[in-house]
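Participant: Build the 3D model from these lines:
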Amino acid sequence: MSQPLAAALFASTETQPLPDLAPAPMPAVAPSPSPPVRVRHRLPVRRALPEAPALFDWLGHRLAPGEATVWSGPSRAIDRLLELLYVGSSIANGRVSLLEGANRFDPYRIAEQGRTLGLAPDPVLDGIRLARAFTAYQLVALVDGWSAEARRRRPTLLVAHELPALFGNPEELPPDERAPLLRHVAERLADLVDGTGLPLLLTLAGGPSSFPGLADAGPRLADLVRLVPGPAGLELASYRDGHRLLLVHRPPGQRGLEEFAPPDRTQEVNAWAAPPRRTGRHSRNG
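Facilitator: Numbering: from 1, shown residues only. Take a look at the predicted model:
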């Protein structure tokens with residue numbers, strides 16, 4: 001999704017005055033020397049998620065090198081899906097660079113999700129490098145240094161989890177500083193993905209409107225995925241191509257109606273919140 005399209009999607013509907021198309025006469029000036037061209041050496045990019053199970057393939061097609069993908073929806077659904085994403089990255093032998101803004105990283109739940117797919121906890125958690133902020137100013141400092149960190153650690157996926165959450169406390173941050181600081185964060189995120197060429201996942205429970213400056217100063221947007229809970233399960237809806245994925249509540253072994261319905265290439269059905277299958281592994285204390 002191009003930056004103009006993203007701006008058109010999230011910008012306000014205020015009418016802008018038309019520019020004066022007649023060129024104004026300019027005084028003759030001596031040409032200034034051209035600034036040196038800055039060459040960006042991007043990191044090698046490989047697939048962030050595996051092709052199977054099908055959930056990871058669907059999510060992987062929503063990510064793009066050098067661009068950002070936004071997930072919006074209820075926080076609980078986003079956190080649960082992120083836990084699966086980290087496991088998928090481990091299956092693909094990937095490395096996640098995570099900037100946590102909501103202090104909801106739960107290693108025990110991530111390890112348990114890994115066990116459901118037959119993975120030991122240590123490799124899954126070792127593949128996640130976490131930077132946690134507790135104040136808005138700490139988060140700004142972490143974002144400023146994220147590009148250098150990514151070049152040192154060479155991750156395959158960048159994840160920014162609920163960054164605006166730390167900017168809403170008026171006792172810590174004056175209200176008039178919120179929008180300028182978030183715009184600064186958006187600009188640094190744009191520099192991050194443009195300079196490294198890595199895919200960035202932004203989770204925003206409040207949607208893109210909760211992140212001032214994202215539309216016009218932030219990174220190019222590859223897709224917007226909305227998470228919509230319903231009676232049948234959790235639906236993921238892609239804005240870019242209109243495809244939907246339904247994660248259904250279904251115990252193991254139960255057959256679903258989608259097996260008997262005509263194929264619909266715009267929708268895929270996967271099990272969701274089902275009891276974990278037996279993996280033959282037993283957890284031990286200590």
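Participant: next one: stretch 150-160 to chain centre, how far?
Facilitator: 13 Å (C-alpha atoms, centre = their mean, to the nearest Å).
Participant: Also stretch 166-177?
Facilitator: Put simply, stretch 166-177 sits 24 Å off its chain's centre (C-alpha atoms, centre = their mean).
Participant: in the stretch 51-200 of the chain, which spans are strands?
Facilitator: For the stretch 51-200 of the chain, the strands defined by DSSP state E, counting those that start in this stretch cover 68-72, 96-100, 128-132, 157-161, 200-203.
Participant: can you redo the ones you listed as JSON lines with mean neighbour count?
Facilitator: The way it works is simple: take the backbone N, C-alpha and C, and place the C-beta from them, glycine included. Formatted as JSON lines, those follow (neighbours: other C-beta atoms under 10 Å):
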{"stretch": "strand 68-72", "mean neighbour count": "24"}
{"stretch": "strand 96-100", "mean neighbour count": "22"}
{"stretch": "strand 128-132", "mean neighbour count": "16"}
{"stretch": "strand 157-161", "mean neighbour count": "25"}
{"stretch": "strand 200-203", "mean neighbour count": "26"}
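Participant: And those: which comes nearest residue 239?
Facilitator: The closest approach between residue 239 and any of these, judged by C-beta to C-beta, belongs to strand 68-72 at 8.8 Å.
Participant: In terms of secondary structure, what does that closest one contact?
Facilitator: Where contact means 3 or more C-beta pairs under 8 Å, 6 or more residues apart in numbering; DSSP states H and E, strand 68-72 is packed against strand 200-203, strand 221-230.
Participant: Neighbouring strands - and their directions - for it?
Facilitator: strand 200-203 (parallel), strand 221-230 (parallel) (DSSP bridges).
Participant: Tell me which of those strands approaches residue 54 most closely.
Facilitator: Closest to residue 54 of these is strand 221-230 (C-beta to C-beta; 15.5 Å).
Participant: Could I get the buried residue list for the closest one?
Facilitator: Going by neighbour count (16 or more other C-beta atoms under 10 Å), the buried part of strand 221-230 is 221, 222, 223, 224, 225, 227.
Participant: hmm, back to that, take the helices and strands packed on strand 68-72 and write them to CSV, including mean pLDDT and distance to residue 138.
Facilitator: Shown next, in CSV, are the helices and strands packed on strand 68-72 (pLDDT from 0 to 100; distance: least, C-beta to C-beta, whole Å):
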stretch, mean pLDDT, distance to residue 138
strand 200-203, 98, 19
strand 221-230, 96, 26
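Participant: and those strands as a markdown table, adding distance to residue 71?
Facilitator: Converted to a markdown table, the helices and strands packed on strand 68-72 look like this (distance: least, C-beta to C-beta, whole Å):
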| stretch | distance to residue 71 |
| --- | --- |
| strand 200-203 | 5 |
| strand 221-230 | 5 |
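Participant: For residue 165, find the nearest of those.
Facilitator: Of all the helices and strands packed on strand 68-72, strand 200-203 comes closest under C-beta to C-beta, at 10.0 Å.
Participant: distance between whichever helix or strand comes after the closest one and the chain's centre?
Facilitator: Using DSSP states H and E, the helix or strand that follows strand 200-203 in sequence is helix 214-217. Averaging C-alpha positions (C-alpha atoms, centre = their mean) puts helix 214-217 15 Å from its chain's average.
Participant: Now do helix 214-217: which elements does it pack against?
Facilitator: Looks like helix 214-217 contacts helix 3-10, helix 175-196 (3+ C-beta pairs under 8 Å, 6+ apart).
Participant: Tell me which residues of that helix come out buried.
Facilitator: Buried-residue list, helix 214-217, by 16+ other C-beta under 10 Å: 214, 215, 217.
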